[in-house]
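Visitor: Provided below for reference: sequence and predicted model.
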Amino acid sequence: MTALRSRFIVLLLASAAPSAALGCGEGMFNTGKGLAYQAYLAPRPAAVLVYTTPGASSDEQERLHAGLQKAGHTVTVVRDTESLQRAIAEHRYDVVISSFDVVDAIPSQAGAGAATLLPVVARSARNSPQVRDRFDLFVLDGASLGQYLRAINKAVASRS
């Protein structure tokens with residue numbers, strides 16, 4: 001009986017000790033440690049046209065463009081209105097991202113295949129009637145890659 005009790009105690013202690021085992025193909029979370037790497041994947045890859053103004057931060061913009069591409073989107077970047085108009089005339093885009101200040105420079109498209117305009121709005125203007133009345137979907141200036149990806153996913157989902 002003592003041998004059985006000893007085995008039970010050893011088994012109980014072994015199962016209570018923390019381990020770094022993997023289960024179901026996933027890593028187990030250790031409290032307080034977080035994930036070492038997290039990549040974003042777009043559930044609905046889209047053709048995205050980004051209209052950046054000359055005053056935009058180039059490092060931040062390049063990280064955003066690279067992140068969108070890495071997530072699975074096809075990204076085209078234009079920096080002036082002539083290139084913008086040519087890109088829209090020559091290709092079909094699912095989403096056009098632009099600063100709210102210059103959205104009127106984007107040619108409007110009609111029909112079911114028209115791109116969804118996703119403006120980037122200054123945080124101070126997010127509750128303004130000009131934004132809320134005109135756009136159901138927008139991102140705030142300084143948004144993370146994840147916020148852009150969620151907005152693009154919503155835009156593409158609403159088109160289908």
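Guide: Ah, there it is.
Visitor: Quick check, Gly146 in contact with Ala42.
Guide: No: if you go by CB atoms under 8 Å, Gly146 and Ala42 don't touch, sitting 11.0 Å apart. Bear in mind the C-beta positions are built from the backbone N, C-alpha and C, glycine included.
Visitor: what about those two, which has more around it?
Guide: Comparing Gly146 with Ala42 by neighbour count (other CB atoms under 10 Å), the higher total belongs to Ala42, at 17 against 12.
Visitor: looking at this, the more buried one is in a helix?
Guide: No: read with DSSP: H, G, I helix; E, B strand; the rest coil, Ala42 is coil and lies in no helix.
Visitor: Next, find the distance separating it from Ala87.
Guide: Separation of Ala42 from Ala87 (CB to CB, to the nearest Å): 20 Å.
Visitor: Also Ser108?
Guide: Here Ser108 is placed at a distance of 15 Å from Ala87 (CB to CB).
Visitor: Neighbour count for those two, which is higher?
Guide: Ala87 (16 against 9).
Visitor: Now that one, what are its backbone angles?
Guide: When read as degrees, to the nearest 10, the backbone of Ala87 gives phi -60, psi -40.
Visitor: Against Arg79, how distant is it?
Guide: Ala87 sits 11 Å away from Arg79, going by CB to CB.
Visitor: just Arg123 next, same as before
Guide: In terms of CB to CB, Arg123 sits 24 Å off from Arg79.
Visitor: What ranges does the protein have for its strands?
Guide: 22-23, 26-27, 47-51, 74-78, 95-99, 116-121, 139-140 (DSSP state E).
Visitor: CA atoms only: put stretch 119-139 into CSV for me.
Guide: Provided in CSV are the C-alpha atoms of stretch 119-139 (Å, rounded to 0.1, in the frame of the first residue of the first chain):
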residue,chain,number,x,y,z
PRO,A,119,-9.3,57.7,-44.7
VAL,A,120,-6.7,58.3,-42.1
VAL,A,121,-8.1,60.8,-39.6
ALA,A,122,-6.4,63.0,-37.0
ARG,A,123,-7.3,61.9,-33.5
SER,A,124,-8.7,65.4,-32.7
ALA,A,125,-11.2,65.1,-35.7
ARG,A,126,-12.4,61.5,-35.1
ASN,A,127,-15.8,62.7,-33.7
SER,A,128,-16.4,65.5,-36.1
PRO,A,129,-19.5,65.4,-38.3
GLN,A,130,-17.4,65.8,-41.4
VAL,A,131,-15.8,62.4,-40.7
ARG,A,132,-18.8,60.5,-39.1
ASP,A,133,-21.4,61.6,-41.6
ARG,A,134,-19.2,60.7,-44.6
PHE,A,135,-17.4,57.6,-43.6
ASP,A,136,-18.5,54.5,-41.7
LEU,A,137,-15.0,53.2,-41.6
PHE,A,138,-11.7,55.0,-41.0
VAL,A,139,-8.4,54.7,-39.1
